[in-house]
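> Would you be able to build a 3D model of this:
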Amino acid sequence: MVKNAQNCSVQAESEYEPIGEERRPLLGQDARAGGASFMSSAFNLMNAIMGSGILGLSFAMANTGIIGFSILLMVVASLAAFSIHLLLLLCDQTGINSYEALGEKAFNRPGKFLVACTILIQNIGAMSSYLFIFKSEMPAAINGFISTDTSGVPGVHQQPLVPVHALLYCSRGYEKMVHSLPAASKLHEELVHKCSKSLNISDCTPQLFVVSSKSAYAVPTMAFSFLPSKLRMQRVTNVGIFLSFVVYLISALFGYLTFYKHVESELLLGYDHYLPRDVLVMSVRIAILLAVLLTVPLIHFPARKALLMVCRGERPFSWVSHTLACFFILTLVLLLAIFVPDIRNVFGVIGSTTSTCLLFVYPGMFYLRISSEPITSLNSIGVSEVSS
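Next up is the predicted model:
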């Protein structure tokens, strides 16, 4: 009774009219000019889910076993799909297509502020992980082309190359809207897909929750961004998460079955001991560096949006604030990439806090707070089981 009374009060504040038809647009036609195609939306959702976490799955499989890893991966993928399902239900009921706005709907301004801060921390950690990859792989890639010495990686150092990468992606991350980066998104997806099927290399970080970390920023970044129909968006979600699950599993299997229990960190660099100056290894390394270069601006957009929302609220757009936010995030990510000694430190802190909140905690809280469904409904029971 208490829950229903709270739900009624929340619904009464919102001028909401129930939607009985699944194919009805989530937002009014005047609020949405159109949408991307189904396949484009699925690829962009995969791009949001898949990230540097794919490079750490082989080590996780080596420590959990093939069956244990497969079960854990399936559980995480299922929970991610259920969380996005809850958010889509709330989007359908309230007409809201923003994670931060759902937080405000459920818990007023503190909820909006909390979600924005969580998204900001999550995506800063994601960008830092990409810069770690760039810092470790770029020197080997350069020396592979310019050096005739195959006994080591001399000459080119890691730290000076990090600002180079930052300058390269800054021009793309400076864009006002994420839809100005479709080519980068699709090219990145192709590169990651081909790399995972050819060598399936691994950065060998043992934290399995990096999978949920990458699924987590799919929720605030991409879940509501492409198609205005709830039924079609649910299909996009199911297809995107299923394809990501398949690529994750194949990547972990190939990496694990290549080195078995001898899987180590910086596995791609380890190929140099067996295949020095191999054309395929160098090509994959360059492809991964290019994928990292094209992906960071996509992560930079929601981080900058969250920072501006926290600092400026609903004030009109300002190029000064836009520029300052861009360079603040860039500087912070550079400092993390340069001075934090191990990428596992980033995965450990970010993955165990913000990823869990975005993927499991917040969707359930918002659903119980906003939804008008009774507590005995299947979705409410599912939320209770996940929370417990």
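> Quick one: name whatever helix or strand follows the lowest-mean-pLDDT helix or strand in the chain.
Within the chain, no helix or strand scores below helix 218-222, which has a mean of 35 by mean pLDDT, DSSP states H and E. Going down the chain from helix 218-222, the next helix or strand is helix 230-259, by DSSP states H and E.
> Packing partners of that following helix?
If you count contacts as 3 or more CB pairs under 8 Å, 6 or more residues apart in numbering; DSSP states H and E, helix 230-259 packs onto helix 38-49, helix 57-64, helix 66-94, helix 182-198, helix 210-216, helix 267-274. C-beta here means a position set from N, CA and C on the backbone, and glycine is covered the same way.
> Swap in 7 Å and give it another go.
helix 38-49, helix 57-64, helix 66-94, helix 182-198 (3 or more CB pairs under 7 Å, 6 or more residues apart in numbering; DSSP states H and E).
> For burial, what's the neighbour tally of residue 385?
By other CB atoms under 10 Å, the residues close to residue 385 number 9.
> list the buried ones in whichever strand or helix holds it?
Using DSSP H and E, residue 385 sits within helix 378-387. By neighbour count with 16 or more other CB atoms under 10 Å, helix 378-387 contains the buried residues 379, 380, 382, 383.
> now the last one: how far from residue 143?
The spacing between residue 383 and residue 143, counted by CB to CB, to the nearest Å, is 52 Å.
> give me the number of residues near the residue lying closest to residue 382 once chain neighbours are set aside?
Closest residue to residue 382 apart from its sequence neighbours, by CB to CB, 6 or more residues apart in numbering: residue 82 at 6.4 Å. Residue 82 has 18 neighbouring residues, counting by other CB under 10 Å.
> Which pLDDT value belongs to residue 82?
Residue 82 is assigned a predicted lDDT (pLDDT) of 86.
> does it really touch residue 381, like I thought?
No: counting by CB atoms under 7 Å, residue 82 stays clear of residue 381, with 11.8 Å between them.
> still on that earlier bit, mean pLDDT lowest where, among the helices and strands packed on helix 230-259?
Among the helices and strands packed on helix 230-259, helix 182-198 scores lowest, with a mean of 39.
> same for the helix holding residue 385, what does it pack against?
Judged by 3+ CB pairs under 7 Å, 6+ apart, the packing partners of helix 378-387 are helix 66-94, helix 362-370.
> quick one: it to helix 362-370, angle?
Between helix 378-387 and helix 362-370, the angle comes out at 130 degrees (axes from the mean of the first three to the mean of the last three CA atoms, to 10 degrees).
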